[in-house]
Structure formats: structure tokens, C-alpha cells
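K.L.:
Quick one: sequence and predicted model below, then my questions.
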Amino acid sequence: MIDTITFAADRSVYIRSHLWLAALASATAMLVLWLMDNPFVWTGLVAGIGGIGVRGWYLASEELSAVWELDSTALTGPAGQRVPLAQVKTVKTLGSFVQIVTNGGDKHLIKYQADPAATVAQIERATLI
């Protein structure tokens, strides 16, 4: 039997992810405006940073309060999500996220992990017990 392990979102990873997303959104918006021969290409920068900034600010309290717990029988997450360890088929990283796929095809994300590889290793170790 293992002790309960907690996987909480990391604030610095959340901010870094949103900075990358803002850069990508800005570059894409500027490219589209440039391809359209819009003389105000710089507005793509404002739109990308503004849009992702507002999104990040608005969702921060919800995303950063999400906590997953791993015990000897299951992974339990926010909003009543529960994944029995016997049902875990695949565990992999997607950037700073950890994706759990069940035998039934359900997918769950543990978001904004400081060390997603360590999270995967702990879940895989628990599924082997």
C-alpha cells in the first residue's frame, strides 16, 4: 500500500505555458494579418497577448486549484474524476501535462506539472503494485 501522493498545478509552469501560448498566438495573428496585406500587422501582437493574458487571468484560480491524488487504488481529481489504477492503460507527457488513458478510452489530464516525467513515473509505479 502506498501513501497518498498529491499532484498540484505549479504556478510558474502555468505562467510559462501562457507566455508561450501568447507568443504563438501573437505570431499567428500577425502572420495572418500580413498575408491579408493589412497595414496594421502590429495589432496581431496586441490581440495575441491580450487574448491569452485575459484567458490566463480568468482561468488561473480554477486551474491552479486543481489537485489530483494518487493512492493505492485510484487517481482522484477535480470535479469528482476517479480513475481506478487497474483501468490505467497509458500514461504519457504532453508538455507540462500528464495524460492518463483508461482501458475504456477515457482521457484525463493532470495539468501544469513542474516535473511531468516524475509524475508519470509515480503513476506507473503505482499501477504495477
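P.N.:
Now that the structure is in, tell me what you want to look at. Note that the coordinates shown come from a computational prediction; the quantities given were computed from them, not determined experimentally.
K.L.:
Compute the distance from the centre of stretch 105-114 to the centre of its chain.
P.N.:
On the basis of Cα atoms, centre = their mean, to the nearest Å, stretch 105-114 sits 6 Å off its chain's mean C-alpha point.
K.L.:
what sits up against it?
P.N.:
The contact list for stretch 105-114, computed with Cβ atoms under 8 Å, 6 or more residues apart in numbering, reads 7, 9-10, 12-14, 17, 63-64, 66, 68, 75, 77, 81, 83, 94, 96-102, 119. All C-beta spots, glycine's among them, are computed from the backbone N, C-alpha and C.
K.L.:
can you give me the strands in the chain?
P.N.:
With DSSP state E, the ranges of strands along the chain come out as 5-8, 67-70, 74-76, 82-84, 88-94, 97-102, 107-110.
K.L.:
With mean pLDDT and mean neighbour count added, can I get these in CSV?
P.N.:
Shown next, in CSV, are the strands of the chain (pLDDT from 0 to 100; neighbours: other Cβ atoms under 10 Å):
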stretch, mean pLDDT, mean neighbour count
strand 5-8, 96, 15
strand 67-70, 97, 18
strand 74-76, 96, 19
strand 82-84, 96, 14
strand 88-94, 96, 14
strand 97-102, 97, 19
strand 107-110, 97, 17
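K.L.:
any chance of the ones you listed in CSV, plus distance to residue 34?
P.N.:
Converted to CSV, the strands of the chain look like this (distance: least, Cβ to Cβ, whole Å):
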stretch, distance to residue 34
strand 5-8, 41
strand 67-70, 42
strand 74-76, 45
strand 82-84, 45
strand 88-94, 30
strand 97-102, 32
strand 107-110, 34
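K.L.:
Tell me what residue 5 is bridged to.
P.N.:
residue 70 (DSSP bridges).
K.L.:
Relative to residue 95, how far out is it?
P.N.:
Using Cβ to Cβ, to the nearest Å, one gets 21 Å for the distance from residue 5 to residue 95.
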